[in-house]
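Undergrad: Output the structure for:
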Amino acid sequence: MTTADAEDFLTVYWSTKRAVTMAATATYARHGVYEGQQFILRSLWSQDGLTPGEVAKRLGLSTPTITRATTRMEAAGLLRREPHPTDRRLVRLHLTERGRDLEATIEDEMAGLTDRALAGFDDAERAAVVQALDRIRHNLTPDSLDG
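TA: The predicted structure follows:
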């Protein structure tokens, strides 16, 4: 890869990531959800009562990142923290009625945002974009650097 190719990739990737983030921020803000929180909600819609560490593991993020986000989500009335039944050092995250009620809405918004981002792509192209992004993620994951 030439230096120009690398600069083109990084420039296009950065501007695309920024465009997706801005569109997502506007989309989810209408529902009182900050961009990124939709993935925490999805984890809890799938299995309510997870610990922050369990959510972090599912999303490939650090526990402190999830703790900060869920503190904000609790203040917004999307979830509540409850003491773990057997380990008082841990908390379980439980959806509130408001958080639960947003499931269909946020899922529809996520589908709409995906459709907007991939407008004009056929099914094979959509699959190729997802596969390429996943490969990039894998290439940059610390565990993959070990060989």
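
Undergrad: what sits against the residue minimising distance to the centre of the chain?
TA: In the chain, the C-alpha nearest the mean C-alpha coordinate belongs to Phe39, at 3.8 Å (CA atoms, centre = their mean). By CB atoms under 8 Å, 6 or more residues apart in numbering, the contact set of Phe39 is Leu59. C-beta coordinates here come from the backbone N, C-alpha and C atoms, glycine included.

Undergrad: Tell me the gap between stretch 45-54 and the middle of its chain.
TA: How far stretch 45-54 lies from its chain's middle: 14 Å, per CA atoms, centre = their mean, to the nearest Å.

Undergrad: same thing with stretch 70-86?
TA: From the chain centre to the centre of stretch 70-86 is a distance of 18 Å (CA atoms, centre = their mean).

Undergrad: how about it: buried residues?
TA: Thr70, Met73, Leu78, Leu79, Arg81 (16 or more other CB atoms under 10 Å).

Undergrad: can you list the weak-confidence ranges in the chain?
TA: Filtered on pLDDT under 70, the chain yields the residue ranges 1-6, 143-147.

Undergrad: mind redoing it with 80?
TA: 1-7, 142-147 (pLDDT under 80).

Undergrad: After whichever helix in it runs longest, which helix or strand is next? Please name it.
TA: Among the segments of the chain that qualify as a helix by DSSP state H, the longest is helix 3-29. Per DSSP states H and E, the first helix or strand lying C-terminal to helix 3-29 is helix 37-46.

Undergrad: and whichever helix or strand comes after that next one, which residues are buried?
TA: Next in sequence after helix 37-46, counting helices and strands by DSSP H and E, comes helix 52-59. For helix 52-59, a neighbour-count test (16+ other CB under 10 Å) marks Pro52, Glu54, Val55, Ala56, Arg58, Leu59 as buried.

Undergrad: Can you pull out the residues in contact with helix 52-59?
TA: 39-40, 43-44, 50, 62-63, 65-67, 70, 90-91, 93.

Undergrad: likewise stretch 67-75?
TA: By CB under 8 Å, 6+ apart, stretch 67-75 touches Tyr34, Gly36, Gln37, Ile40, Leu41, Pro52, Val55, Leu79, Arg80, Arg81, Leu93, Gly99.
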